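Participant: Below are the sequence and a predicted model for it; my questions follow.
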Amino acid sequence: GESVGLHLPTLSVQEGDNSIINCAYSNSASDYFIWYKQESGKGPQFIIDIRSNMDKRQGQRVTVLLNKTVKHLSLQIAATQPGDSAVYFCAENWSQTGANNLFFGTGTRLTVIP
Amino acid sequence: EAQVTQNPRYLITVTGKKLTVTCSQNMNHEYMSWYRQDPGLGLRQIYYSMNVEVTDKGDVPEGYKVSRKEKRNFPLILESPSPNQTSLYFCASSRRGGSEKLFFGSGTQLSVL
């Protein structure tokens, strides 16, 4: 899966299946994580975020899971649709040390097969 | 509608000809930032601003300038563009920076010949 460092660049899933996009982070002080979706020719769009005091957060058809022990973040998309085809980025921040910016991974391209 | 507006959407120019890409947000955000996106390299931050008259370098500031004279506007200036600045540029804003959701503009595709 994707990481703020290393990434699995592509993921192909069948329409209707669930998708899991992974993200490994290296900074144990990171306490805020966010997922973006970027469709071709468009700017990144916010999907969901999570703070480190939570392990799981759900949105509409999406769930983000945070495992602080192994520094791993995942985005689960239920019943994947063709419109979910895009590049997905995770980003992190460590607010306690006053970091001003989000730090982005390089992205995972999700392709949904009809 | 809350949004970040960039202009132009597409720009083709020649080496050395000064250009400005405008960015405006209507959400009263304090934080604004510019990124460039190149294939395989993800989003790289150029400059950011925590508030009016406060700007800081990101990861790849060389060849770029910014200004933040008003809260809503954060233009990106290329004084003497070069071909290695051909890229897709995004402006973004958030309430305060840091652990806050960023809102992105639609992007500016720049080609420097």
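Facilitator: In hand now; what should we look at? In this text the structure is predicted, and so the values were computed from the model without any measurement.

Participant: Find the residue at the geometric middle of chain B.
Facilitator: B:Trp34 (3.0 Å; Cα atoms, centre = their mean).

Participant: which residues touch that residue?
Facilitator: B:23, B:45-48, B:58, B:64, B:66, B:74, B:76, B:89-92 (Cβ atoms under 8 Å, 6 or more residues apart in numbering or on different chains). Glycine gets a C-beta too; all of them are placed from N, C-alpha and C.

Participant: Inside strands: which ones of these?
Facilitator: B:23, B:45-48, B:66, B:76, B:89-92 (DSSP state E).

Participant: Compare those residues and tell me which has the most neighbours.
Facilitator: B:Cys91 (30 neighbours; other Cβ atoms under 10 Å in any protein chain shown).

Participant: you'd agree that one is up against B:Asn7?
Facilitator: No. The criterion here is Cβ atoms under 8 Å, and B:Cys91 misses it with B:Asn7 at 10.0 Å.

Participant: ok so, going back, surely the residue nearest to the centre of chain B is in a strand?
Facilitator: Yes. Secondary structure of B:Trp34 (DSSP: H, G, I helix; E, B strand; the rest coil): part of a strand.

Participant: What about chain A: which of the contacts of B:Trp34 touch it?
Facilitator: Among those, the ones lying near chain A by Cβ under 8 Å from any Cβ of the partner chain are B:45, B:48, B:58, B:90.

Participant: Quick one: these as CSV, columns for pLDDT too.
Facilitator: Listed next are the ones next to chain A among the contacts of B:Trp34 as CSV, based on pLDDT from 0 to 100:
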residue, pLDDT
B:Gln45, 94
B:Tyr48, 96
B:Gly58, 94
B:Phe90, 98
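
Participant: follow-up on the earlier one: the residue nearest to the centre of chain B pairs with what?
Facilitator: Counting by DSSP bridges, B:Trp34 is bridged to B:Tyr47, B:Cys91.

Participant: Model confidence score at it, please.
Facilitator: Model confidence at B:Trp34, given as pLDDT, is 98.

Participant: so how far is chain A from it?
Facilitator: 11 Å (Cβ to the nearest Cβ, to the nearest Å).
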